[in-house]
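Participant: Sequence below, structure please.
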Amino acid sequence: MGNKLARINKSPIFVLGNPKSGTSAISHLLADFGGLSKTIDIPPIWTSSGCGVEIIQGRCQFSSVVQGYKLYFSRKLIKDPNLIFFIEKVMDAFPEARYVFVIRDPRDNIRSSLNRRGVAGNFKNLEERFYPKNEKDRKIIKSIVDPNIWGGKRENYVGVLAHKWNMATDNFMRHQDRILLAKYEDFLVDKCSYIARLAQQLDIPKMNDIADKVNIQYQPRGKDRSVPWKDFFGHENLKRIENICGENMKKFGYTVGC
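Facilitator: From the prediction side, this is the model:
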């Protein structure tokens with residue numbers, strides 16, 4: 001019933017980024033700061049039966065998803081990081097929207113993605129026996145390391161995830177005149193001040209104090225978050241990320257080879 005009665009918001013704020021970049025924390029805090037209604041992820045696109053990959057590959061229309069699931073698109077702030085992978089289609093459907101792209105160092109980003117599903121980062125190849133036992137996690141890992149979707153057909157699973165990071169970043173750079181950049185590392189320095197500045201850039205007036213919410217864990221924290229990159233990935237896989245992502249990393253101030 002809610003979906004039938006919902007009206008699509010023609011000028012929402014979209015928060016995008018490669019998954020596990022910090023989009024959840026920034027979205028929740030930004031919406032709470034401004035008292036905005038919010039959608040946090042759009043399951044019909046990214047569940048195992050969703051059509052996200054079909055949209056990327058041009059076999060499903062994003063506009064039809066919007067019409068079919070109006071409730072998700074009725075809120076003032078809509079967070080779904082994966083929308084960056086077909087940003088042109090999103091912009092065509094929402095020409096009046098404002099957009100935020102959250103970026104995170106690919107070494108932290110990829111470590112977090114693997115950690116979330118219980119997969120180590122130092123395998124030479126991701127053999128079947130190394131996949132998560134949980135069926136949902138297995139399907140997600142198989143999807144996010146599929147080179148037919150993200151590129152890197154001659155790479156291992158870490159290399160594919162590096163190409164995926166590049167794909168998100170390249171899509172942002174092609175439209176950076178219309179998308180506001182939010183660097184996750186800057187957000188971590190002073191979360192309250194950062195959200196206040198981001199809100200100001202988006203013309204969102206302050207409605208609530210968020211000081212008591214900045215340390216809420218909006219996504220499960222990876223158990224290896226503090227493990228050094230070289231220990232988590234090993235030399236070869238760490239070098240693989242830096243070789244693939246190095247050019248884009250430098251554009252955003254990330255040091256290669258540290």
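Participant: So which bits of the lengthiest helix in the chain are buried?
Facilitator: Longest helix in the chain, counting residues (DSSP state H): helix 229-251. Using 16 or more other C-beta atoms under 10 Å as the test for burial, helix 229-251 gives 229, 232-234, 237-238, 240-242, 244-246, 248-249. Every residue, glycine included, has its C-beta placed from N, CA and C.
Participant: same question, stretch 57-64
Facilitator: The neighbour-count check on stretch 57-64 (16+ other C-beta under 10 Å) flags C60, F62 as buried.
Participant: Just checking the distance from it to the centre of its chain.
Facilitator: 20 Å (C-alpha atoms, centre = their mean, to the nearest Å).
Participant: where do the strands sit along the stretch 151-258 of the chain?
Facilitator: Using DSSP state E, counting those that start in this stretch, the strands found in the stretch 151-258 of the chain span residues 179-183.
Participant: got any ranges where it has weak pLDDT?
Facilitator: Low-confidence segments of the stretch 151-258 of the chain (pLDDT under 70): 220-222, 224, 258.
Participant: and if we set it to 50?
Facilitator: Within the stretch 151-258 of the chain, no range satisfies pLDDT under 50.
Participant: what residues does the longest helix of the chain touch?
Facilitator: With contact meaning C-beta atoms under 8 Å, 6 or more residues apart in numbering, helix 229-251 is reached by 105-108, 110-111, 120-124, 152, 155-156, 158-159, 161-163, 165-166, 169-170, 173, 224, 255-257.
Participant: Buried subset of the residues you listed as a ChimeraX selection?
Facilitator: To isolate the buried ones among the contacts of helix 229-251 in ChimeraX, judged by 16+ other C-beta under 10 Å, type:
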select :105,106,107,108,110,111,121,123,152,155,156,158,159,161,162,163,165,166,169
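Participant: Sort out for me which of the contacts of helix 229-251 are in helices.
Facilitator: Secondary structure defined by DSSP H assigns 106-108, 110-111, 158-159, 161-163, 165-166, 169-170, 173 of the contacts of helix 229-251 to helices.
Participant: Only alpha carbons, please: show the longest helix of the chain as CSV.
Facilitator: Output in CSV follows, covering the C-alpha atoms of helix 229-251 (Å, rounded to 0.1, in the frame of the first residue of the first chain):
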residue,chain,number,x,y,z
TRP,A,229,47.4,-3.5,4.6
LYS,A,230,50.6,-5.6,4.0
ASP,A,231,49.5,-8.1,6.6
PHE,A,232,46.0,-8.4,5.4
PHE,A,233,46.7,-8.6,1.6
GLY,A,234,50.3,-9.8,1.5
HIS,A,235,52.8,-8.2,-0.8
GLU,A,236,51.5,-9.4,-4.1
ASN,A,237,47.8,-8.5,-3.6
LEU,A,238,48.7,-5.1,-2.0
LYS,A,239,50.9,-4.3,-5.0
ARG,A,240,48.1,-5.4,-7.3
ILE,A,241,45.7,-2.8,-5.8
GLU,A,242,48.3,-0.1,-6.0
ASN,A,243,49.2,-0.9,-9.6
ILE,A,244,45.5,-1.0,-10.8
CYS,A,245,44.2,2.0,-8.7
GLY,A,246,47.4,4.0,-8.5
GLU,A,247,46.6,6.6,-11.1
ASN,A,248,43.2,7.4,-9.6
MET,A,249,44.6,7.2,-6.0
LYS,A,250,47.0,10.0,-6.8
LYS,A,251,44.2,12.2,-8.1
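Participant: Kindly calculate the angle that that helix makes with helix 157-174.
Facilitator: 20 degrees (axes from the mean of the first three to the mean of the last three C-alpha atoms, to 10 degrees).
Participant: chain center to helix 229-251: distance?
Facilitator: Computed by C-alpha atoms, centre = their mean, the chain-centroid distance of helix 229-251 equals 19 Å.
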